[in-house]
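*Asks:* got a predicted structure here, sequence first:
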Amino acid sequence: MKGVARCVVGYAGGMQLNPTYRSIKDATECVLVEYDPDQTSFEDMLIEFTRQHGPFYPAFKRQYRSVAFFKTEEEKQIIDQVLSAYGHAAKKKIHTDVEPITPFYRAEEYHQDYIEKRNR
C-alpha cells in the first residue's frame, strides 16, 4: 500500500510480558504498521485493514481475535467510524475489538515476511 514504510508481525493486547508463539499467554497476534501520513491517512489504513482480514467472525481464541489498537482518542474515533460504516455497508456485525495500545512484542523471525518467504 502506498505510504507503508514497514510492517512488523508481533504480539500485543495482553498483560503478560514477552509473549512468543509457543507461549502466547494473553496476547493477540498482530501487525505493527509504520506509514507516512503525508502519503496515506490513518483512515485509509483502517479501510485497508477491514478489506484484508475478516472482521465479521468472532474469534475462537484470544490469540486470533480481530483488534484495532489506538494511541489517541482521535484514532479511537476514526476506528469506530470506519468499523461502523463498514459493518453498516456489509449489513453484518463487526467483531473487532477497539483498545488502547499495549506494549508490542516483535514475533519470531520466521513470522516476519511470511508470505514472501513461503513463495520463494
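*Replies:* Good, I have the coordinates.

*Asks:* can you list the low-confidence ranges for the chain?
*Replies:* For the chain, the stretches with pLDDT under 70 are 114-116, 120.

*Asks:* so where do the strands sit in it?
*Replies:* 4-12, 28-35, 66-70, 96-100, 105-106 (DSSP state E).

*Asks:* could you find the closest non-adjacent residue to residue 70?
*Replies:* Using C-beta to C-beta, 6 or more residues apart in numbering and skipping residues adjacent in sequence, the residue nearest residue 70 is residue 76, 4.3 Å away. C-beta here means a position set from N, CA and C on the backbone, and glycine is covered the same way.

*Asks:* show me what contacts that neighbour?
*Replies:* Neighbour list for residue 76: 70, 98, 100 [criterion: C-beta atoms under 8 Å, 6 or more residues apart in numbering].

*Asks:* what about residue 89, neighbour count?
*Replies:* If you count neighbours by other C-beta atoms under 10 Å, residue 89 ends up with 9.

*Asks:* do the same with residue 96
*Replies:* 22.

*Asks:* how far away is it from residue 52?
*Replies:* To residue 52, residue 96 is 12 Å away according to C-beta to C-beta, to the nearest Å.

*Asks:* filter the contacts of residue 76 down to the buried ones, PyMOL style.
*Replies:* Burial among the contacts of residue 76 is assessed by 16 or more other C-beta atoms under 10 Å; the matching PyMOL selection reads:
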select buried, resi 70+98
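
*Asks:* rewinding a little: and residue 45, which of the strands of the chain is closest to it?
*Replies:* Checking those against residue 45 by C-beta to C-beta gives strand 28-35 as the closest, at 6.1 Å.

*Asks:* mind listing what's buried along the closest one?
*Replies:* If you call a residue buried by 16+ other C-beta under 10 Å, then strand 28-35 has these buried ones: 28, 29, 30, 32, 33, 35.

*Asks:* one step back: make JSON lines out of the strands of the chain and add distance to residue 48.
*Replies:* Converted to JSON lines, those look like this (distance: least, C-beta to C-beta, whole Å):
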{"stretch": "strand 4-12", "distance to residue 48": "9"}
{"stretch": "strand 28-35", "distance to residue 48": "9"}
{"stretch": "strand 66-70", "distance to residue 48": "12"}
{"stretch": "strand 96-100", "distance to residue 48": "14"}
{"stretch": "strand 105-106", "distance to residue 48": "22"}
